[in-house]
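Visitor: Starting from these lines, generate the structure:
(one chain, ligands or ions: 2)
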Amino acid sequence: MIKIAPSILAANFLHLEKEISKIEKSGADIIHLDVMDGHFVPNLTFGLLIIKQISKVTKLPLDVHLMVTNPQNYFNNLAEIGVNYISFHQETEFHIHKRISELKKLGVKAGIALNPATPVNTIFPVLDELDFVLLMSVNPGFGGQKFLPLVKSKIKELAQIRRKNNLNFEIEIDGGITNNISKEMIELGTDILVAGSYIFKSDNYKDQIDALKKEV
Ligand code: DX5
Ligand code: ZN
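Guide: Ligands and ions are numbered 1, 2, ... in the order given. Reported below is the predicted structural model:
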């Protein structure tokens, strides 16, 4: 069953609590939190302070996508807040195996995110350690961009390896997701679909989430 993770980057931040309660009631499965540092990506978003406040107003699992250099600086605090998923970018890290071990020790689901142009074979040696892989289907930094079809062959490749080796990491796709592509994403092997603008730029979040979950 596909899980839908609305990215609150596209929400109305002046009414964040209301927005979160709306997506909760609309069938969201996870809340996706995009942390950007203005260094790894050319944009700034929010950090620990906001994530802590969000954790107090929702029961949904929190999924923190770290688009920052030195992601390990935030692992402890995020785990303390009680977030459930943490991913960092392969492109920011020399020591991905070490970082995964640190996350696992903290008891959170450990994930690696890959930019559109980063091949999946860069993480083959650690796939059995991972709880999830986040494949970017846009260049990270901004919501509201157009889906990049090149991610399709990457999903296929990852799903194939997962099957062959009996692994059970989840595949999360992030960027430019709409109801027009969600079905294909699910068929290729996606477990978690992130969607920002498609959900929050509409009047009816439930209709949008239902449309993303529709498999036929
Ligand atoms: C982009 C972020 C995405 C983004 C998705 O850097 O990682 O999570 O918010 O937003 P949409 O669905 O609008 O592409
Ligand atoms: Zn994201």
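
Visitor: C-alpha from now on. contacts and neighbour counts both.
Guide: Fine.

Visitor: what sits against the closest residue to Ser26 other than its chain neighbours?
Guide: Nearest residue to Ser26, sequence neighbours excluded (Cα to Cα, 6 or more residues apart in numbering): Lys206, at 4.2 Å. Going by Cα atoms under 8 Å, 6 or more residues apart in numbering, Lys206 touches Ile23, Lys25, Ser26, Gly27.

Visitor: Please report which of those residues has the highest neighbour count.
Guide: Highest neighbour count within the contacts of Lys206, by other Cα atoms under 10 Å: Ile23, with 23 neighbours.

Visitor: Can you name the residues of the chain sitting close to ligand 1?
Guide: Residues of the chain lying near ligand 1 by Cα under 6 Å from any ligand atom: 7, 9, 34, 140-145, 174-177, 195-198.

Visitor: Let's see that with 8 Å instead.
Guide: Within the chain, the positions near ligand 1 by Cα under 8 Å from any ligand atom are 6-10, 32-34, 65, 67, 136, 138-147, 174-178, 194-199.

Visitor: How confident is the prediction for Val216, by pLDDT?
Guide: If you check Val216, the pLDDT there is 55.

Visitor: and the nearest residue to Leu167 once chain neighbours are set aside, what are its phi and psi?
Guide: Leaving out its chain neighbours, the residue that sits closest to Leu167 by Cα to Cα, 6+ apart is Asp128, at 6.3 Å. Main-chain dihedrals, Asp128, degrees, to the nearest 10: phi -70, psi -10.

Visitor: What about Asp128, how many residues nearby?
Guide: 15.

Visitor: Quick check, pLDDT for it.
Guide: Looking at Asp128, its pLDDT is 98.

Visitor: dump the residue contacts of Asn139.
Guide: Asn115, Pro116.

Visitor: quick one: low-confidence ranges for the protein?
Guide: 216 (pLDDT under 70).

Visitor: So Leu33, which state does it fall into?
Guide: What DSSP: H, G, I helix; E, B strand; the rest coil gives for Leu33 is strand.

Visitor: Identify the bridge partners of it.
Guide: Residues in a beta bridge with Leu33, per DSSP bridges, are Val64.

Visitor: which residues sit in contact with it?
Guide: With contact set as Cα under 8 Å, 6+ apart, Leu33 has these partners: Ser7, Ile8, Leu9, Ile51, Leu62, Asp63, Val64, His65.
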